[in-house]
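# What follows is a predicted protein model with its sequence.
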Amino acid sequence: MKALLLTLAAALVPVLCAAQAVQTGTLELRWGDPVPGSSEASRFEARITDADGHRKSIDTQQALRASRDLFSLYGRTIGVTLLPGPQVGDTLAPESIVDATPSAAAARAPRVAGPQPWVTLLCKFADIAVEPHDTGYFTQMLSNDTGRLDRYWREVSYDKVDIVGSEVYGWFTLPFPRVHYVPHNSDGTDGSADLDALWDDCTHAADASVDFTPFAGINTMYNGNLDCCAWGGGRYATLDGVNRLWYSTWEPPWGYANEAPLAHEMGHGFGLPHANNSDGDGSPYDNPWDVMSDAWDNAGDDATFGAQPKHINIWSRDHLGWIDPQRKLTVSADGLLSGIVLDRASLAGSTNTQMIEVILPATEPDSHYYVIEARKRVPGFESHLAGDAVIIHEVKLGRGEPAWSVDATVPPADVANDPGSMFVVGESWIEPNGAFTVTVTAQTPEGFLLDVQRGSDVIFAYGFD
């Protein structure tokens, strides 16, 4: 493996920067999500980890600029060259980040597909005795029962993913008290949690009881708060002889008292970034149409498992490889596409379009485009949406939340629950630079009819045989 990485690095040097060495390793990403009502901001971290488990942090803003699509590289082998000059501190400032995954076939495969079982480890701090829930609670939460998380991931992925085989173990006692993992600041408040130590000690405490080899992900549940946040992402490590990136979550009690935030962190584990709306305030939690943004609003409420997850946006589904090519319509030429049948994104077995991707003129980079989906209130996870509507997202792959829902209101509303973000029959939306227009012409039993006019006034009909 080391020889292969050295060969890859040698091959990449002339391409990236002949005068600089290329660092290779696996890209880890993880996100921290504060408790609702907190003044804390969300957190986002990136690291490169070599085959021996040595980690280096990467400046996330520079990483987003240095790669066309940072999130597509999650869990892959990457090659990194650094900006010229001395690096400041312990965080790398990349000039270029490229995919160095050895297998071209792996690079083309869906990012998440098939069985994805998670092992849930219940770990308690040495100085906190409480056990908030028994193993049966978590076993049911991850089951295929109505409203539970196996059912959720099957539904969101159109049965391309399940978490069958998930298991729960614990409670295990960590070797140290909470303050060892969450040290105090000078003013006595909690500092940043040592997520690496928590994950290492929790998996080590469980190792005698757990064979990790069948699992894709590891939920670590704690009996006390961590720092600001619940966390999700990936961790590259060796467990039971398996050396790879493990989908991972770090959950405080408020995170697993509700199902929606756990689905949110598991989504980060699968590599999903946050979604957002277009108000530009810096908060990624303003889009209640998407569990990867606002997990709490427009959510059902279960007597046992609290807030329920609604679905994810259509860009996120496509990012993970869940949209079949025949369900995706790409508009890249000028003209009018009339009478497009757009089924709701949640409809399993649809025979119509469920995702429209509108490519912008060549003056815009190919990392900037729009996607269009339909959402409808139907029984289950989507039952508490704000309404039945067409939702449009602007996508820019170089920002921390690539997909932002657009809003016809000026200025955009703080939260995308307003009529301006919901396009219904008789309404049109014009792209700010006039590149295309979307008009909702009718409602169907499972979605809407749309016209999309891009550029010139060439008219032709669109439909299915």
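Cool, the structure landed. Keep in mind the model is a prediction, meaning the values are calculated, not measured. Residues are numbered from 1 along each chain as shown.
# could you pull out the helices for the stretch 51-200 of the chain?
With DSSP state H, counting those that start in this stretch as the criterion, the stretch 51-200 of the chain has helices at 60-66, 104-108, 135-141, 149-156, 178-181, 195-206.
# Which strands or helices does the fourth one pack on?
Spelled out, that is helix 149-156. Helices and strands touching helix 149-156, by 3 or more Cβ pairs under 8 Å, 6 or more residues apart in numbering; DSSP states H and E, are strand 161-162, helix 259-269. Just so you know, the C-beta spots here come from the backbone N, C-alpha and C atoms, and that holds for glycine as well.
# if we can go back for a sec, kindly reformat the helices of the stretch 51-200 of the chain as CSV containing mean neighbour count.
Shown next, in CSV, are the helices of the stretch 51-200 of the chain (neighbours: other Cβ atoms under 10 Å):
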stretch, mean neighbour count
helix 60-66, 19
helix 104-108, 10
helix 135-141, 17
helix 149-156, 21
helix 178-181, 18
helix 195-206, 19
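# By mean pLDDT, show me the worst of those helices.
The weakest mean pLDDT among these belongs to helix 104-108, with a mean of 52.
# Of all the helices of the stretch 51-200 of the chain, which one is nearest residue 349?
Closest to residue 349 of those is helix 149-156 (Cβ to Cβ; 11.8 Å).
# Could you tell me the angle between the closest one and helix 259-269?
Here the directions of helix 149-156 and helix 259-269 differ by 60 degrees (axes from the mean of the first three to the mean of the last three Cα atoms, to 10 degrees).
# so how far is helix 149-156 from its chain's centroid?
On the basis of Cα atoms, centre = their mean, to the nearest Å, helix 149-156 sits 15 Å off its chain's mean C-alpha point.
# Only C-alpha atoms, please: export that helix in PDB.
Coordinates of the C-alpha atoms in helix 149-156 are reproduced here as PDB (Å, rounded to 0.1, in the frame of the first residue of the first chain):
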ATOM      1  CA  LEU A 149     -33.800   4.900  10.900                       C
ATOM      2  CA  ASP A 150     -33.500   1.800   8.700                       C
ATOM      3  CA  ARG A 151     -36.800   2.700   7.200                       C
ATOM      4  CA  TYR A 152     -35.600   6.300   6.800                       C
ATOM      5  CA  TRP A 153     -32.400   5.500   4.900                       C
ATOM      6  CA  ARG A 154     -34.200   3.000   2.600                       C
ATOM      7  CA  GLU A 155     -36.800   5.600   1.800                       C
ATOM      8  CA  VAL A 156     -34.400   8.500   1.200                       C
END
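# follow-up on the earlier one: with respect to residue 386, which of the helices of the stretch 51-200 of the chain lies nearest?
Closest to residue 386 of these, according to Cβ to Cβ: helix 149-156, at 18.8 Å.
# Excluding covalently adjacent residues, which one is nearest to residue 374?
Once flanking residues are discounted, residue 374 sits nearest to residue 447: 4.1 Å by Cβ to Cβ, 6 or more residues apart in numbering.
# Check that neighbour and give its pLDDT.
Per-residue pLDDT puts residue 447 at 98.
# For residue 314, give me the backbone phi and psi.
phi -70, psi -30 (degrees, to the nearest 10).
# Kindly report the same for residue 357.
Phi and psi for residue 357, reported as degrees, to the nearest 10, are phi -110, psi 120.
# before we move on, back to that, looking at the helices and strands packed on helix 149-156, which is nearest to residue 94?
helix 259-269 (21.3 Å).
# pLDDT averaged over the closest one, what's the number?
On average, helix 259-269 scores 98.
# do the same with stretch 280-294
Averaged across stretch 280-294, pLDDT comes to 96.
# Any idea how far apart the tips of that stretch sit?
Using Cα to Cα, to the nearest Å, one end of stretch 280-294 lies 15 Å from the other.
# Please give me every residue in contact with the spatially most central residue of the chain.
Taking Cα atoms, centre = their mean, the centroid of the chain lies closest to residue 272, which sits 1.4 Å from it. By Cβ atoms under 8 Å, 6 or more residues apart in numbering, residue 272 lies in contact with 71, 292, 312, 316, 319, 320.
# Of all pairs in those, which one is the farthest apart?
The most widely separated members of those, counting by Cβ to Cβ, are 71 and 312 (13.3 Å).
# neighbour-wise, which of the two wins?
Remark: of residue 71 and residue 312, residue 312 carries more neighbours, 26 against 19, as counted by other Cβ atoms under 10 Å.
# For the stretch 51-200 of the chain, give me the ranges with low pLDDT.
Along the stretch 51-200 of the chain, segments meeting pLDDT under 70 span 103-110.
# on that earlier part again, pick the most buried one from the helices and strands packed on helix 149-156.
Mean neighbour count (mean count of other Cβ atoms under 10 Å) peaks for helix 259-269 among the helices and strands packed on helix 149-156, with a mean of 27.
# what helices or strands is it leaning on?
Short answer (3+ Cβ pairs under 8 Å, 6+ apart): helix 259-269 packs on strand 23-34, helix 149-156, strand 217-222, strand 229-239, strand 242-251, helix 253-256, strand 306-307.
# ok and that helix relative to strand 23-34, angle-wise?
Here helix 259-269 runs at an angle of 170 degrees relative to strand 23-34 (the same axes, to 10 degrees).
# what comes into contact with helix 259-269?
Contacts of helix 259-269 (Cβ under 8 Å, 6+ apart): 29-31, 33, 118, 141, 147-149, 152-153, 217, 219, 230-234, 247-251, 254-256, 291-292, 295-296, 299, 302, 305-310, 312, 316.
# so residue 428 touches residue 437, yeah?
Yes - between residue 428 and residue 437 there is a contact under Cβ atoms under 8 Å: 5.7 Å.
# re the thing from before, turn the helices of the stretch 51-200 of the chain into a markdown table, including distance to residue 343.
Formatted as a markdown table, the helices of the stretch 51-200 of the chain follow (distance: least, Cβ to Cβ, whole Å):
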| stretch | distance to residue 343 |
| --- | --- |
| helix 60-66 | 33 |
| helix 104-108 | 26 |
| helix 135-141 | 30 |
| helix 149-156 | 15 |
| helix 178-181 | 47 |
| helix 195-206 | 40 |
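# Mind telling me what element the residue nearest to the centre of the chain is part of?
Residue 272 is part of no helix or strand when elements are defined by DSSP states H and E.
# Start at 36, not 1
Sounds good: first residue 36 from here, last item residue 307.
# roughly how far out does stretch 426-445 sit from the chain middle?
Put simply, stretch 426-445 sits 15 Å off its chain's centre (Cα atoms, centre = their mean).
# Buried residues in that stretch, which are they?
By neighbour count with 16 or more other Cβ atoms under 10 Å, stretch 426-445 contains the buried residues 426-443.
# Next step: these restricted to helices.
In helices, judged by DSSP state H, none of the buried residues of stretch 426-445 are found.
# Give me the neighbour count for residue 384.
Residues lying near residue 384 (other Cβ under 10 Å) number 7.
# Same question for residue 400.
For residue 400, the tally of surrounding residues (other Cβ under 10 Å) stands at 12.
# That one: what secondary structure?
Judged by DSSP: H, G, I helix; E, B strand; the rest coil, the three-state class of residue 400 is coil.
# Look up how far residue 326 lies from the residue nearest to residue 412 when sequence neighbours are not counted.
For residue 412, ignoring the flanking residues on the chain, the nearest one in space by Cβ to Cβ, 6+ apart is residue 420 at 5.0 Å. Shown here: residue 420 relative to residue 326, a distance of 12 Å by Cβ to Cβ, to the nearest Å.
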